[in-house]
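J.: can you look at this prediction? I've put the sequence above it.
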Amino acid sequence: MSDAVAVHGAVEPAETPLTPESWGKLGMWLFLAGDAMSFGGLIVAYGALRYHAKSWPVPAEVLGINLTALMTFLLILSSVTMVLGLAALQDGDKPRFKKFMGLTILGGAIFLGLQAYEWTHLIGHTLPHYKLAFSTDLFATTFFVLTGFHGMHVSGGVIYNACVLAAVNRGRYQAKHVEIAGLYWHFVDLVWILIFTFVYLL
């Protein structure tokens, strides 16, 4: 090393390949990887309990599939508006970004409202009819834990996106910050598709 310095002069220190932007993405990917473990564990536990249960209700007879299909469509649509909002901001079109980001937040809020309606309906009407109790029935327990855990993530995503929108309006955030928020929102949408498939459809 000393010979190389003597021949070629001072050796410049190596720069990290990670930029502040990529550090933010890496942090979000690491968080999502850990979060995926949590959701994966819950879904696997749901499958194991269902497999070993002596009796398990048919989801289509207990749950509102049509309502949940609408909720799923809203989340998928909100992912599309998130992408469109990011593209608008990258093009320097802030008004268009605000419109699409607002639609993304609205989609998440409507999803939460429909989930609250679903829970109220199930607890007040459907579940007692099937003699399902949250404290004793495996189906009801796993259903509320899975959908509730995901609902918490959607709530966090709505708040997160609203904060990002406010920060962009103040000029504090740029497209790279919106892209990081988009990673979280797309993850939440993807997890819901898995929950919808395993809990509501199969």
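T.: All right, it came through fine.

J.: sketch out the low-pLDDT regions of this structure for me.
T.: 1-21, 124-136 (pLDDT under 70).

J.: tell me the phi and psi of residue 63?
T.: Taking degrees, to the nearest 10, you get phi -100, psi 160 for the backbone angles of residue 63.

J.: helices and strands around the helix or strand harbouring residue 188, which ones?
T.: Element membership for residue 188 (DSSP states H and E) is helix 175-195. Using 3 or more C-beta pairs under 8 Å, 6 or more residues apart in numbering; DSSP states H and E as the contact test, the elements touching helix 175-195 are helix 20-52, helix 65-90, helix 94-121, helix 138-169. C-beta coordinates here come from the backbone N, C-alpha and C atoms, glycine included.

J.: how much space separates residue 115 from residue 160?
T.: 18 Å (C-beta to C-beta, to the nearest Å).

J.: one more: residue 190?
T.: 16 Å.

J.: could you do residue 59 as well?
T.: For residue 59, the distance to residue 160 - C-beta to C-beta - is 30 Å.

J.: what is the burial count for residue 182?
T.: 20 (other C-beta atoms under 10 Å).

J.: tell me who's in contact with the closest residue to it other than its chain neighbours.
T.: In space, and not counting its chain neighbours, residue 182 is closest to residue 82: 5.0 Å by C-beta to C-beta, 6 or more residues apart in numbering. Listed by C-beta atoms under 8 Å, 6 or more residues apart in numbering, the contact set of residue 82 reads 100, 101, 104, 161, 181, 182, 185, 186.

J.: how about TSV for these, with distance to residue 29 added?
T.: Putting the contacts of residue 82 into TSV (distance: C-beta to C-beta, whole Å) gives the following:
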residue	distance to residue 29
100	24
101	22
104	20
161	18
181	13
182	12
185	14
186	12
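
J.: so what touches stretch 175-191?
T.: Counting by C-beta under 8 Å, 6+ apart, 21, 24-25, 28-29, 31-32, 35-36, 39, 75-76, 78-79, 82-83, 85-86, 89-90, 97, 101, 104, 108, 150, 153-154, 157, 160-161, 164, 167-168 sit against stretch 175-191.

J.: the closest residue to residue 53 other than its chain neighbours: neighbour count?
T.: Of all residues not flanking residue 53 in the chain, residue 138 sits nearest, at 5.6 Å (C-beta to C-beta, 6+ apart). Counted with other C-beta under 10 Å, the neighbours of residue 138 add up to 16.
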